[in-house]
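>>> Quick one, fold the following:
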Amino acid sequence: MKQGGGHAIFTAECSHSFHFHCITSNVKHGNQICPVCRAKWKEIPVQGPTLDPPPGRAVIGPVGWPQNDAVMTVVRRLPSPRRDLNRRHVVPLCQTPEPGIFDDDESLGDQPAFSERNTGNKDAADNIPSRTLEIKTYPEVSAAPRSNAYDDFTVLVHLKAAATIKRQNPSRNHASLQQLCQTPRAPVDLVTVLDISGSMAGTKLALLKRAMGFVIQNLGSNDRLSVIAFSSTARRLFPLCRMTDAGRQQALQAVNSLVANGGTNIAEGLRKGAKVMEDRRGKNPVSSIILLSDGQDTYTVSGSGANQPQPNYQLLLPVSIHGGDNAGFQIPVHAFGFGADHDACSMHSISETSGGTFSFIETEAVIQDAFAQCIGGLLSVVVQELQVSVECLNQNVRVRSLKAGSYPSRVMADGRAGYVDVGDLYADEERDFLVSVRVPAESGNKTSLLKVKCVYKDPITKELATLESQEVRIERPEIAGQAVVSVEVDRQRNRLQAAEAMAQARAVAEQGDLAGAVSILGNCQKVLSETVSAKSRDRLCVALDAELKEMQERMASRHVYEASGRAYILSGLSSHSWQRATARGDSTDGSSLVQAYQTPSMVEMLTRSQAMLLGSPSAQRLVQPLLSLQPRPR
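A predicted model of the protein is given here:
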């Protein structure tokens, strides 16, 4: 066929391509058979709706089909993989055999860790925060009678990472999006492990290519990317390569060459992705793997019937991913379950084991937004290897427990100290941990409870930093007035209680008792509604209530639960346990907790993704770097 000449191009599930306006005209008259190979199409080209993002926080939602998308148009214009006209099949882009050791990664950039868009920005250094981390502490009450002893007194430890992205105008003028990432940041090594099994054919694969085009365009020249494609087997499309102009062109051509067929071998894809990370000669400060799959693993797990136990992915994953017995995690895998047929339990297990998040992409068109939110975080890491320690000050105070979600935590045998391994923090990210302590009766006017210390590494300077909080004390009057419970502490108790109810409901639902699961979630709603923070209409409590209600609706029947309920709950649990944003379904509810953990850098990247619609003036400017990669006519 002729070049598109600016027209959108549709690639059918049989891999043949047509001008979009031509083929929709053909389909409109009832023809659903490929004019080239006569294959019957299950997915036909239709004009999808376009939704404008609501004001306020960015919402992950359908943003239009790939035919209306500037990035997708550029991907389609790139040179296609060669076709053998006699044998009528696509010749893979990478014909050379893979090396035994993946030590062919491109050397690291020797420039300072700046985005390529901030060259000449003399104010960039001024954007480096003087303090990278902030610690706040909140006792559950500020005063307690001195004659009383408490076996389970709660102290909230609140951490917030510094902001390093330049704030945009609240009107979110798309023209200002060029200023994203204008401050120094840590370069990233990213490996994407992509499912190209037969079930990804057609629209799914086209949308995945579009989403990868967006990722490629938004990585900086010091970031490195490698792509693994898996179906029945797995193949590395290209080694870790810096996203310079040449690197982007190579990456876009490789992604554009993908064709869907075969089974689903998730573990093999992960092994190869981990091998890229293990064998690399140089290492950028931030490393991460993105895994996307739309189906059940048909190789590693055979016949996963209802009576068969879930596979132990910790045994299948390389040590470089799950960290073995070491404290903390090595390389997080951010897993994306795509559509109604993916194996949510296995994908959640992979992410949980590695310290990554699990996102549920319910609607096909949401995939680019989901990737955008993820890389918006990865491209803004400001704290690494963070360890939080809590030390008792009073001789008779003891730490009883640390509630830290999925973060590894431990309390010393004597109860005098406790530790939480947090790892990386994105710019503006917050973490809340509840410390339960035993408080003795007191003879004085005050009791000193705790001191909090944070030790972490700056990803740009590689230097270790230490930060200590002020002492946590409570007044000990002889007779105390009515105790006022801290709203901050109450809010976090509610979050943990809701997450616990979600986990219990999911366990009951897996045993077939959906009514029991709905009852657990409903009871939690009632309990939370009576709390101090809920009565003050606290935003987090309103969002928790909406989320618990949504989960009950997704347990309406076994069919609904299997299609979306399980994945929705697991992505919610992942979000709460790591206190990090995940994509969930296609919710456009502004109060949804889908937005609760979003950072400004995630919101900016989401806004950027949603601006990538053909016809948007900013889309044309944002896509210029890709247009410049096209080969010029001789």
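
>>> in the chain, which helix or strand is least confident?
Using mean pLDDT, DSSP states H and E, strand 89-90 stands out as the lowest-scoring helix or strand of the chain, at a mean of 37.

>>> after that strand, next one along is what?
The helix or strand immediately downstream of strand 89-90 is strand 133-139, counting by DSSP states H and E.

>>> Please list the residues outside that next one that contact it.
153-162, 383, 386, 425, 449-450, 452, 454, 456, 465, 467-470, 472-474, 486, 488-489 (C-beta atoms under 8 Å, 6 or more residues apart in numbering). Quick note: C-beta positions are derived from backbone N, CA and C, even for glycine.

>>> Only whichever of those are buried, select them in PyMOL.
Applied in PyMOL, the following selects the buried portion of those according to 16 or more other C-beta atoms under 10 Å:
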select buried, resi 153+154+155+156+157+158+159+161+162+383+386+425+449+450+452+454+456+467+469+472+473+474+486+488+489
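
>>> right, and the helix or strand after the strand or helix carrying Leu237?
Taking DSSP H and E as the criterion, Leu237 maps to strand 234-242. Under the assignment DSSP H and E, the closest C-terminal helix or strand after strand 234-242 is helix 245-256.

>>> buried ones in that following helix?
Buried residues in helix 245-256, counted by 16+ other C-beta under 10 Å: Gly247, Arg248, Gln249, Gln250, Ala251, Leu252, Gln253, Ala254, Val255, Asn256.

>>> which ones are touching the fifth one?
So that's Ala251. By C-beta under 8 Å, 6+ apart, the contact list for Ala251 reads Met212, Ile216, Leu225, Val227, Phe238, Cys241, Met243.

>>> and the residues you listed, which two are the farthest apart?
Met212 and Cys241 (13.7 Å; C-beta to C-beta).

>>> who's more crowded, those two?
More crowded of Met212 and Cys241, by other C-beta atoms under 10 Å: Met212, with 27 against 20.

>>> Does the more buried one belong to a helix, a strand or coil?
helix (DSSP: H, G, I helix; E, B strand; the rest coil).

>>> which non-adjacent residue is nearest it?
Val255 (4.6 Å; C-beta to C-beta, 6 or more residues apart in numbering).

>>> do Ser575 as well
Thr582 (4.3 Å).

>>> from what I can see that neighbour touches Leu573, true?
No: applying C-beta atoms under 8 Å as the test, Thr582 and Leu573 come out as separate, 9.4 Å apart.

>>> Which one's more surrounded, these two?
Comparing Thr582 with Leu573 by other C-beta under 10 Å, the one with more neighbours is Thr582, at 28 against 21.

>>> Quick check: that one vs Lys204, distance?
Per C-beta to C-beta, to the nearest Å, Thr582 is found 20 Å from Lys204.

>>> can you check Leu156 too?
Distance, Leu156 to Lys204, by C-beta to C-beta: 43 Å.

>>> Ala503 now?
In terms of C-beta to C-beta, Ala503 sits 30 Å off from Lys204.

>>> doesn't Ala234 make contact with Glu98?
No: Glu98 is beyond contact range of Ala234, at 9.9 Å (criterion: C-beta under 8 Å).

>>> of these two, who's got more company?
Using other C-beta under 10 Å, the more surrounded residue of Glu98 and Ala234 is Ala234, with 22 against 14.

>>> In contact with the more buried one, which residues?
Val193, Ile228, Asn265, Glu268, Gly269, Arg271, Lys272.

>>> Ok, Val215 next?
Contacts for Val215 (C-beta under 8 Å, 6+ apart) come out as Leu190, Thr192, Leu225, Phe371, Ile375.

>>> again, only using 7 Å
Phe371, Ile375 (C-beta atoms under 7 Å, 6 or more residues apart in numbering).

>>> As CSV, could you dump the C-alpha coordinates of the helix or strand where it lies?
Assessed by DSSP H and E, Val215 sits inside helix 203-218. The C-alpha coordinates for helix 203-218 follow below in CSV (Å, rounded to 0.1, in the frame of the first residue of the first chain):
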residue,chain,number,x,y,z
THR,A,203,-6.1,-3.4,18.4
LYS,A,204,-4.3,-4.6,21.6
LEU,A,205,-0.9,-4.8,19.8
ALA,A,206,-1.5,-1.5,18.0
LEU,A,207,-2.3,0.3,21.4
LEU,A,208,0.8,-1.4,23.0
LYS,A,209,3.0,0.0,20.1
ARG,A,210,1.5,3.4,20.7
ALA,A,211,2.1,3.3,24.4
MET,A,212,5.7,2.2,23.8
GLY,A,213,6.2,5.0,21.4
PHE,A,214,5.1,7.4,24.2
VAL,A,215,7.6,5.8,26.6
ILE,A,216,10.4,6.0,24.1
GLN,A,217,9.8,9.6,23.4
ASN,A,218,9.7,10.6,27.0
